[in-house]
Each structure stands twice: as structure tokens, then as C-alpha cells.
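> All I have is the shape, not the residue letters:
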Ligand SMILES: O=C(CO)[C@@H](O)[C@H](O)COP(=O)(O)O
């Protein structure tokens, strides 16, 4: 079990350079199986990464297996696993377009069916962390701010978030699905930015009926209980 978990997480991490989502060692992918989380080690270049380097920890962050330190974002991943029951995989990157929206502190509007096929509404951007939160525990409080942002949102229907002044986190039912959602988010971020440049504002959101049609066709449930958008 543990070797298969490490293999899935290794293979998912190696998709990040394949899809052009990372530079140098930026970003990381994890997967939860029961009370064990496998995550990329900290500071390892992807072309140097080996399956045996993947670190196993418990839900409190205690290292169970691995010679290297786990990702510096581990506490963010763990806070999301503890609070979002529907997820088993998390990806964090500094992908350019999504990170630019995060640096601007702006939600990415649902303005196209590509977005709507995977994300049932705008991609929210969190508030900025306070100085105390940064000093106290930046990574844990990053997770807490994401959970706070999703108090009225369904993490199963919106599998991504922008952390203000930092970058995107995406998630899913597996490490591989969280990477898929990171690729979708990056494309949606780029297309929304270009659409806004073309329109000179907005961009205009798609209608709720088109959002429903596309998202529900793929996911078969009305998972988002927000207001008319
Ligand atoms: O967001 C950050 C740093 O700002 C991290 O995601 C690094 O980009 C990767 O850290 P490790 O996973 O290598 O510790």
C-alpha cells in the first residue's frame, strides 16, 4: 500500500513539469490514504526526484517514512485534508497565470464553458494573512484561511483556490486529479485574463444556466449552493 501510494504521488509530481506548471522546485503534490499522507520532499528539483524520496507523514505531520524533509507546505496540505472530507489529493504550484490573479488578490470569474466543466463558479482568492498569522505559522494559517474562504462554498464543486500574494492550491479525489485541476485552473486563469483584456473589463460571467449545464453534465449534481451568479 505504501509503495503504491508513493508511486502515485511521485508520478503526479512529475506531471507538474510535464504540463509546464512549475519552475525550479516551486510547488508540490500530495495524496492522502486513510491516516497517511504522501508528499513531495522539500527543495528537490523535479529532474532529481525519485519515487523513494516521497515522504510519508501522519495527519499531524509526524514523519513515518522518508529520509528527506517533507514539503514546507505540508501544514497547509494537512489542514485541508482535516477540513475537506471529499478530497484525497492536493497540488500547489506557482503557475504563472493563476499566481498573477493571486498576486492581484482577485477572484477568477467563471466566464467560459472550459472553466464551467470543472469549476462550479468563480475561483475565490483568499484574504491576505495578517502579520500575526504569518509570524505564528504561515503554512498552517494559509490552510486556515483557505478553509475560512470555503465556509459558504463546496470544495467538491470548486476544487481550487488562490491564496492572496502567494498562488494556487487545487485538490481532487487523488493526487493525479488535483494535478488535472491545476492544469485546468491555469488555462482558466489565462483565458479569463485575455478575455478581460479583449472586453476592456469584466470579463462577463457566463449565465447560471450555462454554468449548470456544463458543470452538472460532467458531475451530475448540484454541488454548489451559492447565490445566483
Ligand atoms: O510556495 C512555496 C514557497 O513560496 C513553496 O511551495 C515552494 O515553492 C516549494 O516548497 P517545497 O515544497 O520545495 O518545500
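Nice, I can see it. Everything numeric here is computed off the predicted structure, so don't read it as measured data.

> can we go C-alpha only for contacts and neighbour counts from here?
Will do.

> Please, where are all the helices along this protein?
Under the criterion DSSP state H, the chain contains helices at 2-18, 74-83, 96-104, 113-116, 131-149, 175-199, 208-219.

> The ligand: which of the ones you listed is closest?
For the helices of the chain, proximity to the ligand was assessed by Cα to the nearest ligand atom; helix 74-83 is nearest, at 7.7 Å.

> How about the residues of this structure by the ligand?
For the chain, the residues in contact with the ligand (Cα under 6 Å from any ligand atom) are 25-28, 42-43, 71-73.

> Recalculate using a threshold of 5 Å.
26-27, 42-43, 71-72 (Cα under 5 Å from any ligand atom).

> which among the residues you listed end up buried?
The neighbour-count test (16 or more other Cα atoms under 10 Å) applied to those identifies 26-27, 42-43, 71 as buried.

> Take the residues of the chain next to the ligand and lay them out in CSV including pLDDT.
CSV is the format used below for the residues of the chain next to the ligand (pLDDT from 0 to 100):
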residue, pLDDT
26, 94
27, 95
42, 98
43, 97
71, 98
72, 98
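
> show me the contacts for residue 187.
Residues counted as contacts of residue 187 (Cα atoms under 8 Å, 6 or more residues apart in numbering) are residue 97.

> ugh, wrong one, residue 53
Residue 53 is in contact with 40-41, 66-68, counting by Cα under 8 Å, 6+ apart.

> Residue 176 too?
So residue 176 contacts 8-9, 11-12, 89 (Cα under 8 Å, 6+ apart).

> show me what contacts the spatially most central residue of the chain?
Nearest to the mean C-alpha position of the chain, by Cα atoms, centre = their mean, lies residue 170 at 1.5 Å. The neighbours of residue 170, taking Cα under 8 Å, 6+ apart as the test, are 90-92, 159-161, 178-179, 181-182.

> Chain neighbours aside, what residue packs nearest to it?
residue 160 (4.1 Å; Cα to Cα, 6 or more residues apart in numbering).
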